[in-house]
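S.K.: take this sequence and fold it.
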Amino acid sequence: MFDVAILGAGAAGMLAASIAGQRGLRVVLIDHAEKLGEKIRISGGGRCNFTNIHTSPANFVSENPHFCRSALTAYTPNDFLELVRSYRIGYHEKHKGQLFCDDSSESIIQLLRQECVKGQVSWRMPCRVETIEHIDNGFLLHTSQGTLSAMQLVMATGGMAIPQLGSTDFSLRIARQFGLKVIEPRPALVPLTFDAQQWRPFSALSGLALEVEVSTGENKKNHQAFLEDLLFTHRGLSGPGILQISSYWTPGTPIRLNLAPGQDIAEQLLTLKPGNKQLLVNVLATLWPRRLVEQWLHEAQVLPPEIGQQRLADMPDKLIRQVGQVIHAWELSPSGTAGYKKAEVMRGGVDTRELNQKSMETKKVPGLYFIGEAVDITGWLGGYNFQWAWASAAACARALRTA
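M.R.: Predicted structure coming up:
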């Protein structure tokens, strides 16, 4: 009999186990994987973007956006940084508050492992949980290593992103088993794809990157925009800007690209117009990469054909303003996403209205908790999802009941 069984030895599961163990609870940590912390290991290009110093509830997507405030306030980026510093792990800020290890992600994995050792956590790994029963004094877990019993159960098995590393929908299946509502999951922080025939002309731009403002939504309530890099691919669009907007994009709706943020292209062209015998394509090539200009003018299908071959001096002011308008609001309709194999996280999950925001315990089943990615809280790109893992784990672990 354990005080608590924690399923999933990822970021949230290991931190929850370590805090609970160090509180004196008898903890067993169970995971079906053979290697520990694979998602941590590959994150941040192998250096683990382990938090973001600017974390706030505004950096998360959820159908209940205020739910995350309590946990994020109780366990901040500075709280995890104290732990990182205590292990003398070097780190640096890379971009917009994103903190990375100076060396390898392995440093964070070993930190969490050592914290679990301090809490005398019992490990079952690799160990597959086959069925879970709710009994009078807790839970029975029937596993590939036999039957375990625990007074409390914490689901930290994550979402479905990156299935090649062993991700599954196990947490969602358990939630449904116990009658909890699940917000329909879908890939997030993921490249957007387009109809093959529609995209063929732009596939030639594969590998080209530039800073854009990308937005979606038709009104103030659902409008969202990011100023980040965009990357053209053979199948569609990727890069930080697209990954960010993918969490807000609704299938069947367009995205808009401002290809020249911070500029007024129409006014620049009108200023350059008098006596300018250069072709429009050559003028624009001073502002963007030439191959983007040539392909975009020819294939965007929102401007008159062969417009790029017109001399700037000969173009009507009205047409120049139209060119500027399209450059600042190029509308595209993705056909879908690159799926869970390319997604960094899962959007959706256990409905937060089923949980206590201070403890992450389910309201319907006392002693059952959900933390991390399995919950309908999805962070922006840049360390926010790790901070949610730490914060939700700490909220849960501090609330677990002792025997």
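S.K.: stretch 203-213: end-to-end distance?
M.R.: Using Cα to Cα, to the nearest Å, the gap from the first to the last residue of stretch 203-213 comes to 21 Å.
S.K.: chain center to it, what's the gap?
M.R.: The gap between where stretch 203-213 is centred and where its chain is centred comes out at 21 Å by Cα atoms, centre = their mean, to the nearest Å.
S.K.: what do you get for stretch 245-259?
M.R.: Relative to its parent chain, stretch 245-259 has a centroid offset of 15 Å by Cα atoms, centre = their mean.
S.K.: likewise for stretch 267-279?
M.R.: Averaged C-alpha coordinates place stretch 267-279 at 43 Å from its chain's average position (Cα atoms, centre = their mean).
S.K.: buried residues in it?
M.R.: Buried residues in stretch 267-279, counting neighbours by 16 or more other Cβ atoms under 10 Å, are found at 268-270, 273, 276. C-beta here means a position set from N, CA and C on the backbone, and glycine is covered the same way.
S.K.: what residues does it touch?
M.R.: 280, 283, 287, 308-313, 315, 317, 320-321, 323-324 (Cβ atoms under 8 Å, 6 or more residues apart in numbering).
S.K.: buried among those residues? Need that as a selection in ChimeraX.
M.R.: Isolation of the buried members of the contacts of stretch 267-279 (16+ other Cβ under 10 Å) is achieved in ChimeraX through the command below:
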select :280,283,308,310,312,315,320,323,324
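S.K.: Leu292 against Ser206, yeah?
M.R.: No - using Cβ atoms under 8 Å, Leu292 is not in contact with Ser206; the gap is 11.8 Å.
S.K.: so for those two, which sits in the more crowded spot?
M.R.: Here Leu292 and Ser206 are compared on neighbour count by other Cβ atoms under 10 Å; more neighbours surround Leu292, at 18 against 13.
S.K.: could you measure from the more buried one over to Leu208?
M.R.: 6 Å (Cβ to Cβ, to the nearest Å).
S.K.: show me where the stretch 201-350 of the chain has strands.
M.R.: Under the criterion DSSP state E, counting those that start in this stretch, strands of the stretch 201-350 of the chain are mapped to 209-216, 224-232, 236-238, 255-258, 330-332, 336-337, 345-350.
S.K.: among these, which comes closest to Leu140?
M.R.: Nearest to Leu140, of all the strands of the stretch 201-350 of the chain, is strand 345-350, at 21.3 Å by Cβ to Cβ.
S.K.: residues touching the closest one, excluding its own?
M.R.: Identification of contacts with strand 345-350 by Cβ under 8 Å, 6+ apart yields 61, 158-161, 171-172, 175, 180-189, 247, 340, 370, 373-379, 385.
S.K.: would you write a ChimeraX line that selects the buried entries of those residues?
M.R.: Selecting in ChimeraX just the buried members of the contacts of strand 345-350, where the criterion is 16+ other Cβ under 10 Å, is done with this command:
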select :61,158,159,160,161,171,172,175,180,182,183,185,186,187,188,189,247,340,370,373,374,375,376,377,378,379,385
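S.K.: show me what contacts Pro126?
M.R.: Contacts of Pro126 (Cβ under 8 Å, 6+ apart): 31-34, 144.
S.K.: so which strand or helix has it?
M.R.: Taking DSSP states H and E as the definition, Pro126 sits outside all helices and strands.
S.K.: again with Leu112
M.R.: When secondary structure is defined using DSSP H and E, the element that contains Leu112 is helix 106-118.
S.K.: excluding chain neighbours, what is closest to Thr193?
M.R.: Nearest residue to Thr193 in three dimensions, chain neighbours excluded: Gly236, at 4.1 Å (Cβ to Cβ, 6 or more residues apart in numbering).
S.K.: correct me, but the one you found touches Asp195?
M.R.: No - with contact defined as Cβ under 8 Å, Gly236 does not count as touching Asp195 (9.4 Å).
S.K.: do a quick rundown of the helices in the stretch 1-150 of the chain.
M.R.: Under the criterion DSSP state H, counting those that start in this stretch, the stretch 1-150 of the chain carries helices at the ranges 11-22, 38-42, 69-74, 77-86, 106-118.
S.K.: so what touches the shortest one?
M.R.: Pointing back at helix 38-42 there. Under the criterion Cβ under 8 Å, 6+ apart, residues 10-11, 35, 48, 105-106, 108-109, 112, 158, 162, 165-167 lie in contact with helix 38-42.
S.K.: could I get these in JSON lines, plus columns for pLDDT?
M.R.: Putting the contacts of helix 38-42 into JSON lines (pLDDT from 0 to 100) gives the following:
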{"residue": "Gly10", "pLDDT": "97"}
{"residue": "Ala11", "pLDDT": "98"}
{"residue": "Lys35", "pLDDT": "93"}
{"residue": "Cys48", "pLDDT": "97"}
{"residue": "Ser105", "pLDDT": "97"}
{"residue": "Glu106", "pLDDT": "97"}
{"residue": "Ile108", "pLDDT": "98"}
{"residue": "Ile109", "pLDDT": "98"}
{"residue": "Leu112", "pLDDT": "98"}
{"residue": "Gly158", "pLDDT": "95"}
{"residue": "Ile162", "pLDDT": "94"}
{"residue": "Leu165", "pLDDT": "92"}
{"residue": "Gly166", "pLDDT": "91"}
{"residue": "Ser167", "pLDDT": "93"}
